[in-house]
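Visitor: fold the stuff below for me.
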Amino acid sequence: MKTGKSNVVQAVILAALGLAAVLSLALPQLFRVEREPPLLSLSVMLRDTDSSAWTAARQGMEQAADELGAELRFLTLTVAGDSGEQETLLLREIEDGAAALVVVPADPAALSSALDQWLVVCPAVTLESPMKGAAGTVSPDNALLGRQLAEALAEDWDGGTVLLLDTAGSCAGIMDRLAAAETALTEAGIPAQRINALPEENCRWLMAFEPAATQQAAERKEAEGKSYSLYGVGAATAITAQLERGNIAAMATWSDYAAGYLAVRRAVSAAQGEEGKVVPLPFSVLREEDIYAPENQKLLFPIMSSSSR
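Guide: The predicted structure follows:
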């Protein structure tokens, strides 16, 4: 009789232990809260005092960040092109835990030197200008762009000196455009002269190699009735509007939206330790009559083109 009771007790104990084992495995699964991985923190540093000229690029960055699980912190300068301030702000961002940087460098050489020891732990991707030690650069082929813009001017040229706006300071990518355009004009037998600011007196031919200078020259031409033929660069809506109104004779343009998207995508992959290569952005040299050609719609109006699909 005792043996029978003992067997029953043992069976009950074994069943209880089995139930406890099952519950110990099942309960954590039932009550476990799925935690999303933390967002990667990316700092975006421009070389301007505001981001209005980078609206499309910013939209591309935000799209990539949303897809890839990153959060963006946008920074601007108090003085445009101040490389010292840019270095100080970026070093602060690294100290505050930024996983990667997306930068439009004011002075690529100086910035590379300042960030050199940090780029291993906080990779940087640049826009517009290459930088030593960067994980990649998102930009058109600047030298090719400058040459093709000069070739567009050469098609129209019928005499006179071409003024080249040299406004980029130490920004290597812009300087590459200017130098290539100057060489192409010289090879074509067209006289060219560098200037540091918009001319006070009227001139016949003017070239600008960065969006801000292009927009400023176009707006001044319209406001003051200047008669110079302007050849410039840019992708912002305001610059496209100047081309449409005939204030720009020809413009080298690319997709700022794609530039921003690709920069953040490469920055995220670099932060995750992945190797990668960025190919030059495609660009086109357009005239007023080219604006609404179907092949140029995505280039000039990327947001409208994507929303209409």
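
Visitor: hang on, residue 108 packs against residue 132?
Guide: Yes - applying Cβ atoms under 8 Å, one finds residue 108 in contact with residue 132, separated by 7.3 Å. Yep, even glycine has a C-beta here, placed from its N, CA and C like the rest.

Visitor: the two: who's more crowded?
Guide: Shown here are residue 108 and residue 132; by other Cβ atoms under 10 Å, residue 108 has more neighbours (24 against 12).

Visitor: specify the local secondary structure of the closest residue to that one other than its chain neighbours.
Guide: Computed as Cβ to Cβ, 6 or more residues apart in numbering, the closest residue to residue 108 that is not its neighbour in sequence is residue 131, at 4.1 Å. Classification of residue 131 using DSSP: H, G, I helix; E, B strand; the rest coil returns coil.

Visitor: quick check: the gap between the residue positioned nearest the centre of the chain and residue 161.
Guide: Centrality entry for the chain: nearest residue to the mean C-alpha point is residue 260, 3.9 Å, by Cα atoms, centre = their mean. Applying Cβ to Cβ, to the nearest Å, the value for residue 260 to residue 161 is 37 Å.

Visitor: same deal with residue 42?
Guide: Per Cβ to Cβ, residue 42 is found 45 Å from residue 161.

Visitor: and those two? Which one has more around it.
Guide: Comparing residue 42 with residue 161 by other Cβ under 10 Å, the one with more neighbours is residue 42, at 27 against 13.

Visitor: beta partners of the more buried one?
Guide: Judged by DSSP bridges, the bridge partners of residue 42 are residue 72, residue 100.

Visitor: use 56 as the first number for this chain going forward.
Guide: With the count now opening at 56, the last piece we talked about shows up as residue 97.

Visitor: ok, it - contacts?
Guide: 120, 125-128, 153-157, 319, 322-323, 326 (Cβ atoms under 8 Å, 6 or more residues apart in numbering).

Visitor: pick the one among the residues you listed closest to residue 200.
Guide: residue 157 (21.0 Å; Cβ to Cβ).

Visitor: where's the closest one, which helix or strand?
Guide: strand 155-158 (DSSP states H and E).

Visitor: list the contacts of the helix or strand following that strand.
Guide: Where DSSP H and E defines the elements, the next helix or strand beyond strand 155-158 is helix 163-170. Residues outside helix 163-170 that contact it (Cβ under 8 Å, 6+ apart): 138, 141-142, 145-146, 149, 156, 158, 160, 177, 179, 181, 184-189, 225-227.

Visitor: same question, stretch 193-205
Guide: Under Cβ under 8 Å, 6+ apart, the answer for stretch 193-205 is 180-185, 228-229, 231-240, 243, 262, 264, 286-288, 305, 307, 309, 314, 317-318, 321, 333, 335-338, 340.

Visitor: try stretch 133-151
Guide: Against stretch 133-151 from outside (Cβ under 8 Å, 6+ apart): 98, 100, 102-104, 128, 130, 132, 156, 158, 160-162, 165-166, 169-170, 173, 176-177, 224-226, 267.
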